[in-house]
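>>> For reference, the sequence and a predicted model appear below.
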Amino acid sequence: MIKVTVWNEFLHEKQHEEVRKVYPDGIHKAIADGIGTDGFQVKTATLDQPEHGLTDEVLAATDVLVWWGHMGHHLVDDAIVERVHARVMEGMGLIVLHSGHFSKIFKKLMGTGCDLKWREANEKERIWTVNPAHPIASGLPEYFELPHEEMYGEHFDIPAPDELVFISWFEGGEVFRSGCTFHRGQGKIFYFRPGHETFPTYYDENVRKVIRNGVRWAAPSGAAKPVRGNHKPLEEIRS
Ligand code: ZN
């Protein structure tokens, strides 16, 4: 069982009727339902809860944290960001979705501006699998399409990803590195682009498969904690 916590700022759904129509129980609920229960134990947490629902206890019991945020990035307490960062360094997986590219935690982990091009024109997105051998691409077609999405375009201001799994093309002509993996400390990070709040993206079967695969991939390896600092020799040094 992989223990998953899906975190959502849960603001658009309460403030905007058009978002509530698409995600009546919150984006976190649709993401959690998409991950499902086959090998996963999924809980949710939201910004308005004490400590944003990300207490030491919750994070200690989380193998993979999924992050959706947009309008409330600045409302996330820096102490909680530090706490999540420390857990990633210890091996907790992190899946950052869509507008999470501008979250405090993603920017801290990337060390770059994380800005990009964007446009809301309800256009078609075609997502190409460019690393078919990667476990996150398991069961995915050569490409799949989302009929209505927000456009994100290059240049995406991130460090060169360790692995690029998906590239998106948009009807208006732009392209975007929409599935990127990174390693930080013992933790694995997967950024996945789709998921604008006014579109039913998180009900799409391919999107759900990518997120499920991402969670499986990002789960802790179980390797021993690395030992650093001054070290006694393991063998007698004779020379
Ligand atoms: Zn968006």
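Cool, the structure landed. Residues are numbered from 1 along each chain as shown.
>>> which residues does whichever residue of the chain sits closest to the ion contact?
The ion sits closest to His196 of the chain, with a gap of 3.6 Å, by Cβ to the ion. Every C-beta, even on glycine, is put in place using the N, C-alpha and C of the backbone. Contacts for His196 (Cβ atoms under 8 Å, 6 or more residues apart in numbering) come out as 98-99, 120, 149-150.
>>> Extract the C-alpha trace of the longest strand seen in the chain and format it as PDB.
For the chain, the strand with the greatest residue count under DSSP state E is strand 117-129. C-alpha atoms of strand 117-129 as PDB (Å, rounded to 0.1, in the frame of the first residue of the first chain):
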ATOM      1  CA  LYS A 117       3.800  31.300 -21.100                       C
ATOM      2  CA  TRP A 118       0.000  30.800 -20.700                       C
ATOM      3  CA  ARG A 119      -3.300  31.500 -22.400                       C
ATOM      4  CA  GLU A 120      -6.900  30.600 -21.500                       C
ATOM      5  CA  ALA A 121      -8.500  30.000 -24.900                       C
ATOM      6  CA  ASN A 122     -10.200  26.500 -24.300                       C
ATOM      7  CA  GLU A 123      -7.900  25.000 -26.900                       C
ATOM      8  CA  LYS A 124      -6.900  21.400 -27.700                       C
ATOM      9  CA  GLU A 125      -3.800  20.000 -26.000                       C
ATOM     10  CA  ARG A 126      -2.100  17.000 -27.500                       C
ATOM     11  CA  ILE A 127       0.200  15.200 -25.100                       C
ATOM     12  CA  TRP A 128       3.000  13.100 -26.600                       C
ATOM     13  CA  THR A 129       4.800  10.300 -24.800                       C
END
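>>> Give me the residues contacting that strand.
Strand 117-129 has contacts (Cβ under 8 Å, 6+ apart) with 137, 140-155, 165-172, 174, 178-179, 194, 196, 199, 206.
>>> in that strand, what counts as buried?
Buried positions in strand 117-129, judged by neighbour count with 16 or more other Cβ atoms under 10 Å: 123, 125, 127-129.
>>> That one - what's its average pLDDT?
Per-residue pLDDT values over strand 117-129 give a mean of 98.
>>> what's the following helix or strand after it?
As assigned by DSSP states H and E, the chain's next helix or strand after strand 117-129 is strand 143-153.
>>> Tell me which other helices or strands that next one touches.
Under the contact criterion of 3 or more Cβ pairs under 8 Å, 6 or more residues apart in numbering; DSSP states H and E, strand 143-153 touches strand 117-129, strand 163-170, strand 175-184.
>>> now those strands in CSV, with distance to Gly53?
Putting the helices and strands packed on strand 143-153 into CSV (distance: least, Cβ to Cβ, whole Å) gives the following:
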stretch, distance to Gly53
strand 117-129, 28
strand 163-170, 29
strand 175-184, 22
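>>> Tabulate these (a markdown table), appending distance to the ion.
Below are the helices and strands packed on strand 143-153 laid out as a markdown table (distance: least, Cβ to the ion, whole Å):
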| stretch | distance to the ion |
| --- | --- |
| strand 117-129 | 7 |
| strand 163-170 | 13 |
| strand 175-184 | 13 |
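>>> closest to Leu94 out of those?
Leu94 lies closest to strand 175-184 among these, at 8.5 Å (Cβ to Cβ).
>>> so how far is the closest one from its chain's centroid?
10 Å (Cα atoms, centre = their mean, to the nearest Å).
>>> again with stretch 134-153
Its chain's average C-alpha position is 15 Å from that of stretch 134-153, according to Cα atoms, centre = their mean.
>>> can you check stretch 129-137 too?
Averaging C-alpha positions (Cα atoms, centre = their mean) puts stretch 129-137 16 Å from its chain's average.
>>> Stretch 10-27 now?
20 Å.
>>> circling back: nearest to Gly26, out of the helices and strands packed on strand 143-153?
Checking the helices and strands packed on strand 143-153 against Gly26 by Cβ to Cβ gives strand 117-129 as the closest, at 20.9 Å.
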